[in-house]
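Student: what's the 3D shape of this:
(one chain, ligands or ions: 1)
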Amino acid sequence: MGRRLKPEAIKIQIQQGKGAMPPFQDALSDDEINALVRYLEKARSKK
Ligand code: HEM
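Tutor: Residues are numbered from 1 along each chain as shown. Down below sits the predicted model:
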């Protein structure tokens, strides 16, 4: 998982997908995606 994307860019990538990564906006609610972004930010800040 990259260290450079801003939270908003992570959210967009989860919603729309990118390259070989599929979109998740039909599978995950907005709340679920927001929770994922928070989780990823937290994991990133630990290092
Ligand atoms: C809920 C599950 C997932 C989350 C939260 C997630 C999140 C992310 C994020 C944040 C990135 C951007 C990383 C960066 O550029 O720094 C990324 C990239 C990527 N993900 Fe996922 N991902 C998920 C599931 C998947 C799945 C199921 C696949 C493949 C079947 C996948 C394939 C990829 C690929 C190939 C990239 C690189 C895309 C590119 O830049 O071309 N991801 N993912």
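
Student: alpha carbons only for contacts and neighbour counts from here, please
Tutor: Noted.

Student: in the protein, which helix has the most residues?
Tutor: Taking DSSP state H as the assignment, the helix of the chain that covers the most residues is helix 30-46.

Student: now the angle between helix 30-46 and the helix or strand where I12 lies, please.
Tutor: If you go by DSSP states H and E, I12 is part of helix 7-16. Taking axes from the mean of the first three to the mean of the last three Cα atoms, to 10 degrees, one finds that helix 7-16 is oriented at 130 degrees with respect to helix 30-46.

Student: so what does helix 7-16 touch, helix or strand wise?
Tutor: The criterion is 3 or more Cα pairs under 8 Å, 6 or more residues apart in numbering; DSSP states H and E, and the helices and strands that helix 7-16 contacts are helix 30-46.

Student: Could I get the buried residue list for the helix it packs on?
Tutor: For helix 30-46, burial by neighbour count (16 or more other Cα atoms under 10 Å) applies to 33-34, 36-37, 40-41.

Student: what do you get for stretch 6-21?
Tutor: Neighbour-count burial for stretch 6-21, with 16+ other Cα under 10 Å as criterion, is recorded at 10-15.

Student: filter these down to the ones close to the ligand.
Tutor: Restricting the buried residues of stretch 6-21 to those touching the ligand (Cα under 6 Å from any ligand atom) yields 10, 14.

Student: which of the buried residues of stretch 6-21 lies closest to the ligand?
Tutor: Nearest to the ligand out of the buried residues of stretch 6-21 is I10 (Cα to the nearest ligand atom; 4.6 Å).
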